[in-house]
Structures are given as structure tokens and as C-alpha cells.
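Asks: quick one: sequence and predicted model below, then my questions.
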Amino acid sequence: MDTNGDLGRPPKVNGASCVQPCTIPLFTATHVKDATLGGHLARRLVEIGVSDVFSVPGDFNLTLLDHLIAEPGLNLVGCCNELNAGYAADGYARSRGVGACVVTFTVGGLSVLNAIAGAYSENLPVICIVGGPNSNDYGTSRILHHTIGLPDFSQELRCFQTVTCFQAVVNNLEDAHELTDTAIFTALKESKPVYISIGCNLPAIPHPTFSREPVPFSLSPKLSNNMGLEAAVEAAAEFLNKAVKPVMVGGPRMRVANACQAFVELADASGYAVAVLPSGKGLVPEHHPHFIGTYWGAVSTAFCAEIIESADAYMFVGPIYNDYSSVGYSLLLKKEKALIVHPDRVVIGNGPSFGCINMKDFLLALAKRLNKNTTAYENYQRIYVPEGHPLQCSPKEPLRVNVLFKHVQKMLSSDTVVIAETGDSWFNCQKLRLPQGCGYEFQMQYGSIGWSVGATLGYAQAATDKRVISFIGDGSFQVTAQDVSTMLRCGQKNIIFLINNGGYTIEVQIHDGPYNVIKNWNYTGLVDAIHNGEGNCWTTKVHCEKDLIEAIQTATEDKKDCLCFIEVIVHKDDTSKELLEWGSRVSAANSRPPNPQ
């Protein structure tokens, strides 16, 4: 399929894919004996760019898994649990543009549900396939295992209806072709997850509708209303050209709109100071000559907030605003100064609003109409003072987090991808300056702790030309640690920094209590046990800066073709200043008293 009319791999900015994959392979004619629903679904997955499917077996999906394995272009990656399979499909979709997972009915479906909800919040096309009950059991009074003990089998479907953009329950072969194709098409078109349930007795039965090779997908691009586009560009140009010091800020929805490169072209043409929202990091090249950092209100990177909030016009492209990204609703922005560009709509100040406007079309057309204005960036250069270096550690002094990330910065290159787990890693990784081609991913909207383990597995499986460097807190790791074993089975060469500070530090900064302290594990010992002599794995504990330097050197030189697990021991109160500020503001937002009746 192709959203742009051109075949080939999607463009990437700092390693982040902005569109779905669009390589369409040609298939040889399908033999009638292979003309099954399972075979058709497998070929469709390969066609849209999925070469790895993350799965957990269960008796309702075993026949389907047989057919997926039989497809030469498809690799089945068995995960330790359904939640991680969903997270892996999420991470895979961030790299490839689409991901897929296969689980069993209800016990598997409800377990993967949280990961699918996260993918929905992040606008990721994940195809969640569930092996369902035998088609003959629907509409009967039979009670099946893996259910809640009622003859109603729709509980799982009802749960998925709120976190997927399309649901297909395949109970007969007559419409199976139409339902599965519509589900896959809708996932790609809407850039959201879909749910496909397939009766366990159906995947292996030949049917005439599958006897010919599938017609390749060809998605029509979303077109702008030309009159509306012209009016929107005219109004936006007038709004911005009369400003003295306009700025532009990139957000996460640029990815789904395939507008990353168009944003860069507009930045080049306008001369504006360029920033990103925290959830847009990685979508804008940080080596751009006018890049000034991350705008995150009170916890922005140095001097960025001052430039953005003092501007007399700011253009936000593809933003998502919530209590986290707005630092407890404390952004110092005025609506009348803002031009908001959504994937299909443009809003200028308090009005007007223009609909049916494709973001990419709008940005490219606007680039031709803006006057060059470098005032805001020149102001940034006048006030900018380089950040100081962390205080030098004395020998054997316990390692500080700011020292850790000083050394991490040197590890980054065009061959790496950074994955930041929910927690203080959000704030520390935001301050990393990404070299050209270096990817960056985190889950800000949903913020599900433990996401990064599965996401690391999935991203690394999709992007074999990159080395994934993940930063995971001890509390998050305890949620999803098992699938380090799947990384080893797949021969991945990830570097995992396990930051051990003895608890849920991000929760401590919002609201402290004894529930934020967790049982300490011997994390390197756990990974060694998971390794169990099978696969290529190296682990170490780091207590001081000298240990860290040696560990990084080993991981990047001697063990560069190996999964490296580095447990970093830090003080429980060693947090970034940004987390301290952010936590107090989010706490204030959470604790607001009820409005008077």
C-alpha cells in the first residue's frame, strides 16, 4: 500500500518513521490446497510490511499459528505474555509503520488489551488477531473455557470496541476475505489498532475466495479541499507574517500525518526558531540550524520556554495536550497567539478554523508564502548559555544520574535508537541531543510502566540496522522483565540500562507513600538466570563513574554484537530537577478540590 503514490521505504527523520510501509511484493499464484483463511491473512501481513508477528499460543489460535509459520515471509516471535506481545507490536509499528500480534480468546485478548489501548493513544496501526471459539459455538447455550462462565462470547469484543478503530469477528468463510481486508485497510488508513477474531476451526479450510493471489492494497491519499487549503494558507500567512518573533513547535501527530519532512521544509523557508513538544522528540532533526530544544512548559530544555512563551505567534504542528505534556495545565500560552495545525484541520487563534486540510499539503504550501523571519532564533542565541557539566565524581563516589547521561550522550549515533521508559528517564532522555539519524521513542500519552521492555523487543526486531539503547526504571522493569528472554532468543544486541533507585520515583515526586517502595531484586542475577547459557548476553552492575565508563566501553566495543544489560545503582532521591518541578505541578493539578456546586 502507498499513502503518497510512490513505492519504497518511508522517509525517516532522526530514525523515526513518519508513514506506514509501502513496499508491495508480488506473490506467486496461490495453489488451491493453500487457499485458506490462515494463508490469506499471512500473505496480507507480509504485503503491508509485517515480517515479524508477536504471539502467545493458546488452544484457540494454534491452527492459525501453523499457517502463519508456513508463510516464508513471516517470522513468528513467541513472547512470554500477551501484554509484552502487544507492547512489542507497538514498538515494531514505530519502526515499520505497522505491527501485529496474535493471542488466544479472552484470557489472551484481555491481557493484551492494555497494550492495544496504548497503541491507540499513540496513533499506531497494530493488528491484534485473536483465535476465537469454534464458529459452531456462537448462538448456543454452551459455556466455554477462557470465558467468564456465561454463554455470551461478546465480552472480549465489547472491551476492544473502545480501543480499536475497527473490529472483525470472522465466523464463516463467505465474508472472511472482506472482513480481514477491511480491518487491515482501516488500521493503515486511520493509523489506529484493529481487532480481528477468527474462529479456531476456520484457518485451515480451503475456500474459493482465497484461491487467487490477493489484489495489493492501494490506499487513496487523504486529499485537501483545494479552496479550503488556499483560504487556510492565506489566513495563516497573514497571521504569521505580521508577527515580530514567530516560532514553530512540532508535535507527535506529525508522524501519522506523514508531515515530518514538510515541517523541516517550512522551518528552512521561514527561518523560525524550531522546537518540539516532548512527545514529538525524534520527529524533527535536532541538528537543524534553528532547533532550540524541547518545549515542555516549566521543564523545557534550557532557554526554550522563554523563547516560545514570549513569542507573539506560535505555530504548533500536530500537538497533543494533556495534563502531563502541559505540566499540570501550567503552560504560559495564549490561544489568540496560537496557530494549531492538526492532521486534517487548521485553527488560527480564536478563529477561524479550516477543515479538510491535509497537514502535509498545508505546510508545503505555507512554506511558499512566509516571509523569512529569524528574530526568535536570534533572541535565543543572545540569551543561550551552554549548560554546565555535572560535578566531577570523586573515586568510588556513588554514581549520579546526571553523570550517567553525560556519558550516554557520547554513545548516540545514526546507528542507535533511544527508548525511554515512563519515569525519570522521560526527563533525562529529553535532554539528550540526538545526532542525525538517531531514533527516539517513548509513550507519553498513555504512560504505561513496563512498556519499554516489549517496545524494545519489537523495535529491535523491526530495525535490525539500529542498536536500541533503553532506559528502564527498576519498578517498570519488574512489570515486564520476562521478555528479555525473547530478545535473547531473537539474537538482539540491545543495550538496556536498568536504573535501580529502589522504587517508583516518578510517583514519589507526585505523591509519596510506602507503596512507592518496591522489593529490590538482583537484576543482573535475574537476567543471568534468564540467559541460562543460551544466547549471547553480558551483564554488569555499575556503582560509580569508573564502573560506568568501563561498562559502556565493553558494551560498545567488546560486546557490540551482544545483548548488554547494565544495572546502574543510584540513590533513591537522585532525580532530575525537571521531574521535581513537573511532579509538584502534576500533584497540584491532581489534588484540585471539587468545583463548587
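Replies: That came in fine, so what should we check first? Numbering: from 1, shown residues only.

Asks: these two touch, right, Val484 and Ile496?
Replies: Yes: taking CB atoms under 8 Å as the definition, Val484 is a contact partner of Ile496 at 7.4 Å. Heads up, the C-betas are built off the backbone N, CA and C, glycines and all.

Asks: shared neighbours of those two, anything?
Replies: Shared contacts of Val484 and Ile496 (CB atoms under 8 Å, 6 or more residues apart in numbering): 563, 565.

Asks: burial of Thr540, as a residue count?
Replies: Using other CB atoms under 10 Å, Thr540 is surrounded by 17 other residues.

Asks: residues in contact with it?
Replies: 524, 547, 551, 554, 565-567.

Asks: of the residues you listed - the most surrounded one?
Replies: Going by other CB under 10 Å, Phe565 tops those with 27 neighbours.

Asks: doesn't it lie inside a strand?
Replies: Yes: assessed with DSSP: H, G, I helix; E, B strand; the rest coil, Phe565 lies in a strand.

Asks: and it, what does it touch?
Replies: 484, 496, 498, 523-524, 527, 537-540.

Asks: go through these and name the one nearest Tyr459.
Replies: Distance to Tyr459, by CB to CB, is smallest for Ile496 among these, at 12.6 Å.

Asks: find me the pLDDT at that closest one, would you?
Replies: Turning to Ile496, the model gives it a pLDDT of 98.

Asks: isn't it right up against Ser470?
Replies: Yes: in this structure, Ile496 is within contact of Ser470 by CB under 8 Å, at 4.9 Å.

Asks: quickly list what's touching both of those two.
Replies: Thr456.

Asks: residue furthest from the geometric center of this protein?
Replies: When each C-alpha in the chain is compared with the mean C-alpha position (CA atoms, centre = their mean), Ser141 comes out farthest, at 41.8 Å.

Asks: could you measure from that one over to Pro151?
Replies: Noted for Ser141: a distance of 5 Å to Pro151, by CB to CB, to the nearest Å.

Asks: with His407 instead?
Replies: Counting by CB to CB, the gap from His407 to Pro151 is 60 Å.

Asks: which one's more surrounded, these two?
Replies: His407 (16 against 13).

Asks: and that one, what does it touch?
Replies: His407 neighbours (CB under 8 Å, 6+ apart): 545, 548-549, 552.

Asks: does Thr186 fall in a helix, a strand, or a coil region?
Replies: Classification of Thr186 using three-state DSSP returns helix.

Asks: is Val102 in a bridge, and if so with what?
Replies: In this structure, Val102 bridges to Ser55, Ile129 when assessed by DSSP bridges.

Asks: who's in contact with Leu71?
Replies: Check again: residue 71 is Glu, not Leu. Glu71 neighbours (CB under 8 Å, 6+ apart): 39, 42-43, 45-46.

Asks: please disregard the earlier target; I meant Leu412.
Replies: Counted by CB under 8 Å, 6+ apart, Leu412 has contacts 418, 432-435, 438, 469.

Asks: on that earlier part again, just the ones in helices from the contacts of Phe565, please.
Replies: Members of these lying in helices (criterion: DSSP state H): 484, 523-524, 527.

Asks: quick one: which of those residues is nearest Asp424?
Replies: Here the nearest of those to Asp424, counting by CB to CB, is Tyr523; it sits at 16.8 Å.

Asks: understood, closing this out.
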